[in-house]
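> Here you go, sequence then predicted model.
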Amino acid sequence: MAGLNRSKDTQACADGLRAPDTAAPTREMDSRDLLGEHRRLRIRHRGQVYELRETRLGKLILTK
C-alpha cells in the first residue's frame, strides 16, 4: 500500500490496527475465572462498555 509506514516488527491489519508483536508474551486465562458463576462480564475499553457472555452452548460472545 502506498503511503503506509511499516517497521520490520509490526504489520498493518486490514482494519488499520497494528498486529501484535509476535515476540511479546500473550496472557492466558480460563474463561471461568473471567466470567464467574454469572457467565457474564462487562469490559470497559477506551470509554466504551462491552459485554462478554457465555451462551447456553458454551460459546463466547463479545457485544458492544
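Yep, it's here.
> in this structure, which ranges drop under the pLDDT threshold?
1-16, 18-22 (pLDDT under 70).
> hey, where'd the strands end up in it?
40-45, 48-54, 60-63 (DSSP state E).
> Of those strands, which stretch is the most buried?
strand 48-54 (a mean of 13; mean count of other Cβ atoms under 10 Å). All C-beta spots, glycine's among them, are computed from the backbone N, C-alpha and C.
> Strand partners (parallel or antiparallel) of that one?
Strand 48-54 has the following strand partners under DSSP bridges: strand 40-45 (antiparallel), strand 60-63 (antiparallel).
> Reformat the strands of the chain as TSV; add distance to Leu17.
Converted to TSV, the strands of the chain look like this (distance: least, Cβ to Cβ, whole Å):
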stretch	distance to Leu17
strand 40-45	13
strand 48-54	15
strand 60-63	16
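> that older thread, looking at the strands paired with strand 48-54, which is nearest to Met29?
Counting by Cβ to Cβ, Met29 lies closest to strand 40-45 out of those; the figure is 11.1 Å.
> follow-up on the earlier one: closest one to Pro25 among the strands of the chain?
Among the strands of the chain, strand 40-45 sits nearest to Pro25 (Cβ to Cβ), with 20.5 Å.
> I'm done for today, thanks for sticking with me.
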